[in-house]
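J.: Have a look at this prediction, sequence included:
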Amino acid sequence: MLELYHFHGATCGLKARLALAEKGVGYTEHAVQRPYLRTPDYLKLNPNGVVPTLIHDGDVLNESSVIINYVDDAFEGPALKPAGPLGTARAWWWMKRADECLPMIGTLTYTVSMRPGILKKSPEDLEAYIEGTPNAGLRDRRRRIIGLGFESPDFPLALEGLDKMLGDMEAALASNDWLAGDAYSLADTAMSPLLERLDELACAEMWQQARPRLTDWWKRIRARGSYAACTVATPNPEKPQHREEGAKAWPGIKRLLQA
């Protein structure tokens, strides 16, 4: 039996779902709400209180990059790692890069879109919300973001890192049709949710204006059946909010990128 815990709109949850869709693997879906991630039952499965969590015949796997690699190895279907050690290494490099950039996309999301709603909490509820984050590094970062917003030192660093990520993707696509070679791989699976979130936050101009290869790659990603199955059939319910708040923030973000 295969089970996946995620919530619609979760960046790393989308990564796991894309891999499962690419492999054509069926599973029992547990699409939960964010508060459930802090319950004792869920924290037994995933002590960090995040998604995704994959359970296969009773064995529990956490961390999205670990999960998508496991899915590729454990199930029949199209291979999602390039043939040969060099291709595999390149795919793993991009999976590592996606993990490194995840805090940056989280900083952007919380600063631009989530913070206004969080600030409506009472001081007591706000403190409980922050302290309820199990991971200490994430907890401290959220405290800065919620307290300082666009003035947080994390925000320009996140933008710089994401812009560098997009530039590296553009460079990689100069040599190959896909990020790790001539065929779609886990490298593309890992990076797709990051661009999905940037697109949701009205930041697509970061590649549409001066990164034609990445623009074409994103168009091809969105044309895949896995993308339709994971984002069109079950869209992120927060997408309209992300889009609205992102459009408001984009002029300031653009100025920071140009500085």
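T.: Yes, it's here.
J.: now stretch 56-66: mean pLDDT?
T.: For stretch 56-66, mean pLDDT is 97.
J.: List the buried residues for it?
T.: Buried residues in stretch 56-66, counted by 16 or more other C-beta atoms under 10 Å: 56, 61-65. All C-beta spots, glycine's among them, are computed from the backbone N, C-alpha and C.
J.: Show me which pair in these is furthest apart.
T.: By the measure C-beta to C-beta, His56 and Ser65 form the most distant pair in those, at 16.3 Å.
J.: For the stretch 51-200 of the chain, just list every one of the helices.
T.: Remark: helices assigned in the stretch 51-200 of the chain by DSSP state H, counting those that start in this stretch are 64-74, 85-109, 115-118, 123-131, 136-148, 154-172, 186-200.
J.: Quick check: which of those is buried the most?
T.: Among these, the stretch with the highest mean neighbour count (mean count of other C-beta atoms under 10 Å) is helix 186-200, at a mean of 25.
J.: That one relative to helix 154-172, how many degrees between them?
T.: Interaxial angle, helix 186-200 versus helix 154-172 (axes from the mean of the first three to the mean of the last three C-alpha atoms, to 10 degrees): 130 degrees.
J.: From the chain's centre, how far out is helix 186-200? Work that out for me.
T.: Distance, stretch centre to chain centre, for helix 186-200: 6 Å (C-alpha atoms, centre = their mean, to the nearest Å).
J.: contacts for the helix or strand following it?
T.: Using DSSP states H and E, the helix or strand that follows helix 186-200 in sequence is helix 205-208. With contact meaning C-beta atoms under 8 Å, 6 or more residues apart in numbering, helix 205-208 is reached by 162-163, 166, 170, 195, 198, 214-215, 218, 250, 254, 257.
J.: Now helix 205-208 - C-alpha only, PDB.
T.: Extracted C-alpha coordinates of helix 205-208, given in PDB (Å, rounded to 0.1, in the frame of the first residue of the first chain):
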ATOM      1  CA  GLU A 205       8.900  38.200 -15.600                       C
ATOM      2  CA  MET A 206      12.100  36.900 -13.800                       C
ATOM      3  CA  TRP A 207      12.500  34.500 -16.700                       C
ATOM      4  CA  GLN A 208      10.100  35.700 -19.400                       C
END
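J.: I'd like the mean pLDDT over that helix, please.
T.: Here the average pLDDT along helix 205-208 is 98.
J.: How about stretch 76-93?
T.: For stretch 76-93, the mean per-residue pLDDT is 96.
J.: Quick one: end-to-end distance for that stretch.
T.: Terminal residues of stretch 76-93 lie 24 Å apart, using C-alpha to C-alpha, to the nearest Å.
J.: now stretch 118-126
T.: Terminal residues of stretch 118-126 lie 7 Å apart, using C-alpha to C-alpha.
J.: Can you spell out which helices and strands pack onto the helix or strand that contains Asp41?
T.: Element membership of Asp41 [criterion: DSSP H and E] is helix 40-45. Packing partners of helix 40-45 (3 or more C-beta pairs under 8 Å, 6 or more residues apart in numbering; DSSP states H and E): strand 53-56.
J.: Paired strands for the strand it packs on, with orientation please.
T.: Applying DSSP bridges to the sheet, strand 53-56 is found paired with strand 2-6 (antiparallel), strand 59-62 (antiparallel).
J.: Adding distance to Asp125, write the ones you listed out as a markdown table.
T.: Listed next are those as a markdown table, based on distance: least, C-beta to C-beta, whole Å:
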| stretch | distance to Asp125 |
| --- | --- |
| strand 2-6 | 25 |
| strand 59-62 | 28 |
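J.: Could you give the separation between the terminal residues of stretch 20-27?
T.: Stretch 20-27 has an end-to-end distance of 8 Å (C-alpha to C-alpha).
J.: Please point out which parts of it sit buried.
T.: Judged by neighbour count (16+ other C-beta under 10 Å), stretch 20-27 contains these buried residues: 20-23, 27.
J.: Residues touching it, excluding its own?
T.: Against stretch 20-27 from outside (C-beta under 8 Å, 6+ apart): 2-4, 71-72, 75-78, 80, 184, 189, 224-226, 229-230.
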